[in-house]
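> Fold the following.
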Amino acid sequence: MVGINARLAGIMGDAGRERVEVCWGDSVERLGVRMPSDYREFVERYGHVQFGDDLVVAAPVLVPVVPGGNCFDGIYYFNKDLGEMLEGWYEWSPEIGRPYETFPARGCLLGWGNNTISDYFCWDTSAGDPDLWTVVVWRFDISEMIRFDGGMTEFLAAVLTGEFPDADEFFDRSTGSPTWRSL
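Numbers count the residues shown, from 1 in each chain. Take a look at the predicted model:
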């Protein structure tokens, strides 16, 4: 899972903009982890992306919003909130146990995106090497977790082509070819 998935790059095409430099070292400082290489390449090429009107891939800001801030502050707070919601879900649904740790614990689910129907797209960070992290979708509205044994860009390619089960639930593909835009 090193670098952006070639199928996804083929689906998305040219970014229509210059590659950007991202302060990747801030992820270790703020989130406690290095980001996977496919995510890094995706963000440098495409930025903060929304597919259709649904699925959003979060990205760090290029310059901290507040003086002394960190480029990953937004992703940090997104994951802090996600971890608190997940803790609540574990309490409400004791029958499921605790299949994943919550942010900021080592080996937690780390969110990288969401959509308009409360699906959260995360990495399972239990593998030490970020390039070995797999994707977990937390379907909040139906209290389900789905594991995808691949990285973020492999997952996006499978969703955009309809190969992933429930792909139509994550992203409206009824318009034909996948549309996307940088936010």
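> use CA for all of it now, contacts and neighbours both
Fine.
> Please enumerate the strands of this structure.
Using DSSP state E, the strands of the chain run over residues 49-51, 55-57, 109-114, 119-124, 134-139, 144-148, 180-182.
> The last one: which residues count as buried?
Think strand 180-182. By neighbour count with 16 or more other CA atoms under 10 Å, strand 180-182 contains the buried residues Trp180.
> Which strands or helices does that strand pack on?
Judged by 3 or more CA pairs under 8 Å, 6 or more residues apart in numbering; DSSP states H and E, the packing partners of strand 180-182 are strand 49-51.
> Tell me which strands the strand it packs on pairs with, and in which orientation.
Partner strands for strand 49-51, per DSSP bridges, with pairing direction: strand 55-57 (antiparallel), strand 180-182 (antiparallel).
> Low-confidence ranges, this structure, go.
In the predicted model, the chain carries pLDDT under 70 at residues 1-3, 173, 175-178.
> Nearest the geometric middle of it, what residue?
Trp112 (2.2 Å; CA atoms, centre = their mean).
> need the strands paired with strand 49-51 in TSV with distance to Cys23, can you?
As requested, the strands paired with strand 49-51 are exported to TSV (distance: least, CA to CA, whole Å):
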stretch	distance to Cys23
strand 55-57	17
strand 180-182	18
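> Arg98 is nearest to which of the ones you listed?
Evaluated with CA to CA, the strands paired with strand 49-51 place strand 55-57 nearest to Arg98, the distance being 25.5 Å.
> hang on, Ser37 packs against Leu132?
No - counting by CA atoms under 8 Å, no contact exists between Ser37 and Leu132, whose distance comes to 10.0 Å.
> one step back: and of the strands paired with strand 49-51, who's closest to Phe164?
strand 55-57 (14.4 Å).
> so how far is the closest one off the chain centroid?
If you compare the mean C-alpha spot of strand 55-57 with that of the full chain, they lie 7 Å apart, counting by CA atoms, centre = their mean, to the nearest Å.
> With stretch 12-19 instead?
If you compare the mean C-alpha spot of stretch 12-19 with that of the full chain, they lie 19 Å apart, counting by CA atoms, centre = their mean.
> Please apply the same query to stretch 88-103.
Counting by CA atoms, centre = their mean, stretch 88-103 comes out at 20 Å from the chain centroid.
> Count the residues that sit near the spatially closest residue to Ala157 that is not a sequence neighbour.
Setting aside the residues directly before and after it, Ala157 is nearest to Leu8 in space (CA to CA, 6 or more residues apart in numbering), at 4.8 Å. As a burial measure, the neighbour count of Leu8 was computed by other CA atoms under 10 Å and equals 19.
> my guess is Leu8 contacts Thr153, does it?
Yes - counting by CA under 8 Å, Thr153 is a contact partner of Leu8 at 6.5 Å.
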